[in-house]
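>>> When you get a sec, could you give me coordinates for this:
(2 chains)
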Amino acid sequence: MLSNSVIQLVAFFLIVAVVSVPLGLYMARVFSNERTFLDRVLSPIERLIYRICGINPAVEMGWAGYAVSMLAFSLISMIFLYALQRLQYYLPLNPNGLAGVPPGLAFNTAASFTTNTNWQAYSGEQTLSYLTQMVGLTSHNFLSAAAGMAMAAAVIRGFARRSAKTIGNFWVDLTRATLWVLIPISSIFALFLVWQGVPDNFSPYVNATTLEGATQTIAEGPVASQEIIKELGTNGGGFMNANSAHPYENPTPLTNLIEMLAIFSIGAGLTHTFGKMVGDRRQGWALFAVMSILFLGGAATAIWAEQHGNPQFSAIGIDQHASAAQSGGNMEGKEVRFGIVESAMFATVTTDASCGAVNSMHDSFTPLGGLVPMVNMQLGEVIFGGVGSGLYGIIVMAVLAVFIAGLMVGRTPEYLGKKIEAREMKLAMLYVLIFPAVILIPTALATVLPAGLSGISNPGPHGFSQILYAYTQAGANNGSAFGGINANVPFYNVSIAIVMLLGRFMMAIPALAIAGSVAAKKSTAASAGTFPTDGIPFVFLLIGVIVIVGALTFFCAVALGPIVEQLLMMSGKLF
Amino acid sequence: MRNFITALVATALLSVLTGIVYPLAVWGIAQTIFPSQAGGSLVVAGNKVVGSSLIGQKFSSPRYFQSRPSAAGDKGYDAANSSGSNLGPTNKRLIDAVKARLKNFVESNPGTNARQVPVDLVTASGSGLDPEISPAAAGLQVARVAHARGISEDQVRQLIAENTRPRSAGIFGEPGVNVLLLNLALDRGAGSHGGTTPGT
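Now for the predicted structure:
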């Protein structure tokens, strides 16, 4: 069975690598306003949008103007989603008569979808009308993803341009990302999902009479159109409560493959967009290599841990050995069609990218298997990452890496010909420090406040892991969960919403500021003393920086949760 | 201020495009070219909807193959309330539940012992609606079902083979036996083909 797990992992990775190149080069054309094969259809729609909105696409913005537009858009769309949820009872397309969403939960969900986190404090089929699912959630899946891609394009321009005052027009980037990238890909693959069995209808829930005569009410809805953008936009908020573990969201191993591919494709593609736009494709490949190595390491660890299974199960005699007739391993919270390998891979993919869709319940993973998704997020969501945010995240880490390399040899560090000076380093450090602050401080608070402790569903160190995971995913804008935690209470709804907002915008603004700062600089020619950022030494330096920064920040916290639980599990301790 | 007006109009316009035009277009095409799947892959037997081939249901009679344990809803297999157990690996409640299921299975399947029981048969699935069990889990129930129905084990094995989905492209995922379709095929009489009838 080892060989099959290796084949599945390698096959998936190769597909990602092959898809990322043309997609990345295409996105470079989209964000550089170059001709593409879709212009005939889309350009008229684009011009119409600009005319109605009063946007002059020729006028570019400085970093601050770009950031203000992005914030204004996020605020307005968040208010819109909040209002829609509160009012859904009075609006059409609510065949199951679901009531308005309570304020705390509506605020949490609005913040969650605006920040591209898509944490599920709500239970889709029990809480949200078809109208809210479509006009609220599906549209936010597109728009928060497009906003992330826009910011990545702006940060890339900062490094690509010389002595420039502007880094692009937010409204143009937002519109083009939506029209040229997200809608066409989603339309095609939504139909692929339907073909494989994902429903797309507006029927009321079906009442079936089971073979044994019981009544089974089956939730329905326009699932497929939302499902694909949930992955492609690294959103992750499920139509159904069980998310991509639900057979209606993810019915076959093929849909699982397509969903994992959709999660990674834009993040992986953007590395090539970056290489193309800065005029040196090798720079993009270097970032791609860093992400790939970290992904493969995480996936292999998670597969191994889950296949190894739960020693308590073996102790009572259950067969956990993989064979041709069963996957074996820790199957609690996993689906038969995915088995161990596709479940552990999906968990790694969804947390490397800040997607947060789940096809298995991370809360029931072995401690080590659950540590992998947690660490992936704690490394800053830069392993392909959220669409857009992953790329600008790893660029900030690259700035940090060349700074450290510069310190070692005593030269002013440079990245892509731009001198990295005090201002850029201050902003990069701000970016690096905000992240653990917004995660660890609320985690500590929740572990001492009764309101926080009351949400825990699993006793022992696993309970601490649940809280740590909840705030880690919020700060990282991921959206996956150790789902047993009872987070639909005012304390968690509000605190997690605030952490999501801080984790998105307090990190996006320093990244845009770095872009504005380096855009204004001249480009210095590479000399013999310049540390090349397109070679193997840089790849490993950057991996080292990402891992060390993450480990230094979060090691103590994960030691109290998953690590101690793993040791106790192996010694046979139960709680 | 100008930014906010632009934001307001852009939000409205892009929400209509991505939240109404796009999903309705996908819905229209899906209903036209894949009506059965788009409708939820419902299974109709005797003019009644008996379930969906993608959604598992609970079986307790010895004449039927059992599905996996389910944590969806209070009684399990609530298809409007999908959920896993979310019990952690060191939670005593998880281990106790698994022990109880194991004991129950061994008692209701004379001649089996605990070491043969595959893990998927005693653990709750992620969705609580897993429509499948592993081929090992199906194989272990053959004797009981054949005995209860008074048919030969070979006939039962034949039906399992007809309702087993292999790995995709021979590589991805794991094989699984669709429990509802298998049980339906048993009801229709051993040997007949257990096909699905497209629903609405």
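>>> ok now do the closest residue to residue B:121 other than its chain neighbours, which residues does it touch?
Nearest residue to residue B:121 in three dimensions, chain neighbours excluded: residue B:137, at 4.3 Å (CB to CB, 6 or more residues apart in numbering or on different chains). C-beta: built from backbone N, CA, C; applies to glycine. Taking CB atoms under 8 Å, 6 or more residues apart in numbering or on different chains, we find residue B:137 in contact with A:326, B:68, B:118, B:120-121, B:177.
>>> so which residue of chain B comes closest to chain A?
residue B:173 (2.6 Å; CB to the nearest CB).
>>> what's the residue nearest in space to the middle of chain A in contact with, if anything?
With distances taken as CA atoms, centre = their mean, the residue of chain A nearest its centroid is residue A:354 (1.4 Å). Listed by CB under 8 Å, 6+ apart, the contact partners of residue A:354 are A:116-117, A:234, A:236, A:377, A:381, A:385-386, A:389-390, A:476-479.
>>> Then it would be within a helix, right?
No. Applying DSSP: H, G, I helix; E, B strand; the rest coil, one finds residue A:354 to be coil, outside a helix.
>>> State the distance from it to chain B.
According to CB to the nearest CB, to the nearest Å, residue A:354 and chain B sit 20 Å apart.
>>> contacting residues around the most centrally placed residue in chain B?
What sits nearest the mean C-alpha location of chain B, by CA atoms, centre = their mean, is residue B:131, with 1.1 Å. With contact taken as CB under 8 Å, 6+ apart, residue B:131 is in contact with A:247, B:52-56, B:67, B:176, B:178-180.
>>> what about the strands in the stretch 151-300 of chain A?
A:206-209, A:215-218 (DSSP state E, counting those that start in this stretch).
>>> Now render the ones you listed as JSON lines, adding distance to chain B.
Shown next, in JSON lines, are the strands of the stretch 151-300 of chain A (distance: least, CB to the nearest CB, whole Å):
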{"stretch": "strand A:206-209", "distance to chain B": "5"}
{"stretch": "strand A:215-218", "distance to chain B": "4"}
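>>> can I get the ones you listed in a markdown table with mean neighbour count, distance to residue A:521 and mean pLDDT?
As requested, the strands of the stretch 151-300 of chain A are exported to a markdown table (neighbours: other CB atoms under 10 Å in any protein chain shown; distance: least, CB to CB, whole Å; pLDDT from 0 to 100):
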| stretch | mean neighbour count | distance to residue A:521 | mean pLDDT |
| --- | --- | --- | --- |
| strand A:206-209 | 18 | 61 | 96 |
| strand A:215-218 | 18 | 59 | 96 |
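>>> Redo the ones you listed as CSV? Include distance to residue B:81.
Below are these laid out as CSV (distance: least, CB to CB, whole Å):
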stretch, distance to residue B:81
strand A:206-209, 14
strand A:215-218, 9
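>>> C-alpha coordinates for stretch B:164-174, CSV please?
Below are the C-alpha coordinates for stretch B:164-174, written out as CSV (Å, rounded to 0.1, in the frame of the first residue of the first chain):
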residue,chain,number,x,y,z
THR,B,164,-18.3,-2.2,-6.1
ARG,B,165,-16.7,1.0,-7.4
PRO,B,166,-13.0,0.6,-8.2
ARG,B,167,-10.3,3.2,-7.7
SER,B,168,-10.6,6.1,-10.1
ALA,B,169,-8.2,5.7,-13.1
GLY,B,170,-6.9,2.7,-11.2
ILE,B,171,-4.9,5.1,-8.9
PHE,B,172,-7.0,7.5,-6.9
GLY,B,173,-9.1,6.9,-3.8
GLU,B,174,-10.1,3.5,-2.5
